[in-house]
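**Student:** Sequence below, structure please.
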Amino acid sequence: MPDTQFKALEQKIDDLIKLCADLNRENVSLKADARQWAAERDSLLARNEQARSKVEAMLDRLKTMELDK
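**Tutor:** Numbers count the residues shown, from 1 in each chain. Prediction:
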């Protein structure tokens with residue numbers, strides 16, 4: 001194999017190594033983003049449930065007030 005082919009192959013291997021490193025960094029970042037979105041989703045679900053409970057409690061109080069009339 002001529003020297004130019006070795007250099008071309010070496011360059012392709014270097015490019016692949018760089019691409020793998022870039023993809024690994026991107027993967028780590030995406031996983032961190034996914035964890036953050038999941039935590040935010042859990043927080044929003046909890047807040048939604050709290051709001052639902054408060055609305056149900058208000059409706060129950062209104063029904064009780066209506067029955068007391």
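**Student:** can you count the residues close to D33?
**Tutor:** 10 (other CB atoms under 10 Å). C-beta coordinates here come from the backbone N, C-alpha and C atoms, glycine included.
**Student:** where's it relative to L23, distance?
**Tutor:** The gap separating D33 from L23 is 15 Å, by CB to CB, to the nearest Å.
**Student:** Over to M58?
**Tutor:** 52 Å.
**Student:** sec struct for the most centrally placed residue in the chain, please.
**Tutor:** Geometric centre of the chain, nearest residue: A34, 2.2 Å, by CA atoms, centre = their mean. Three-state assignment for A34 (DSSP: H, G, I helix; E, B strand; the rest coil): helix.
**Student:** same check, this time on the one 5 residues further on
**Tutor:** Assigned state for A39: helix (three-state reduction, three-state DSSP).
**Student:** Test for you: state the pLDDT assigned to it.
**Tutor:** On the pLDDT scale, A39 is placed at 98.
**Student:** Over to the one 4 residues further on?
**Tutor:** Predicted confidence (pLDDT) at S43: the value is 98.
**Student:** Next: the one 10 residues further on.
**Tutor:** pLDDT recorded at S53 is 97.
**Student:** That one is in what secondary structure piece?
**Tutor:** helix 3-68 (DSSP states H and E).
**Student:** just how off-centre is that helix within its chain?
**Tutor:** Computed by CA atoms, centre = their mean, to the nearest Å, the separation of helix 3-68 from the middle of its chain amounts to 1 Å.
**Student:** what helices or strands is it leaning on?
**Tutor:** With contacts taken as 3 or more CB pairs under 8 Å, 6 or more residues apart in numbering; DSSP states H and E, helix 3-68 sits against no other helix or strand.
**Student:** In the protein, where is pLDDT below threshold?
**Tutor:** 1, 69 (pLDDT under 70).
**Student:** If we use 90, what do you get?
**Tutor:** Scanning the chain for pLDDT under 90 picks out 1-3, 63, 65-69.
**Student:** can you pull the contacts of Q36?
**Tutor:** Taking CB atoms under 8 Å, 6 or more residues apart in numbering, we find Q36 in contact with no residue.
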